[in-house]
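Student: need the 3D shape of this:
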Amino acid sequence: MRRRGTSCQPCSCWTRLSGGIGVINYIEFTNPGRSDIEGFLTELLETTIRKARSQCRTATSSPRRPWTPPSPPELLAITKNDPERLRAYPFEPDAFNAFVEQVTAGDLSSKPSEALIRLQKAAQRAMRLGSQTITASVVEQINSEGL
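Tutor: As a prediction, this is how the structure comes out:
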């Protein structure tokens, strides 16, 4: 995680997600259901975006262009002002549902760290593909590779 007072490095939302999640910070859930995992991921993604915006606003200037997550108008443009896409961001809605289903159905559903590893892989893959969102095909590719 970036420390207060350091400059924001030019990166994308995917880099922030893949570098700032803190996989080791979560041990395990007790018998999570689909709604538990969905709520955990939704809150995690919302918090990550909110914190990234806050840190970039308070950081000192950098000779490189600082990264900030999409502003509300940018986010609305990316999600085409669709409430369902906005709720699922940075996933597409079908990709988010598939991701939650895969995590829930997996043997490791009680371990948030496994969900976070998959999320990191999906974010990195979407970044490499130049996508603004994580698509269902990216989620399927990550699932087929396994951990």
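
Student: beyond the longest helix along the chain, next helix or strand please.
Tutor: What stands out as the longest helix in the chain, according to DSSP state H, is helix 34-58. Downstream of helix 34-58, the first helix or strand assigned by DSSP states H and E is helix 72-78.

Student: and the average pLDDT for that next one is what?
Tutor: In this model, helix 72-78 has an average pLDDT of 81.

Student: can you check stretch 138-147 too?
Tutor: So the average pLDDT for stretch 138-147 ends up being 87.

Student: again, but for stretch 43-61
Tutor: Per-residue scores along stretch 43-61 average to 69.

Student: ok, now stretch 126-133?
Tutor: Here stretch 126-133 scores 92 as its mean pLDDT.

Student: and the longest helix of the chain, what does it pack onto?
Tutor: helix 13-20, helix 93-105, helix 112-129 (3 or more C-beta pairs under 8 Å, 6 or more residues apart in numbering; DSSP states H and E). To be clear about C-beta, it is placed using only N, CA and C from the backbone, and glycine gets the same treatment.

Student: go with 6 Å
Tutor: helix 93-105 (3 or more C-beta pairs under 6 Å, 6 or more residues apart in numbering; DSSP states H and E).
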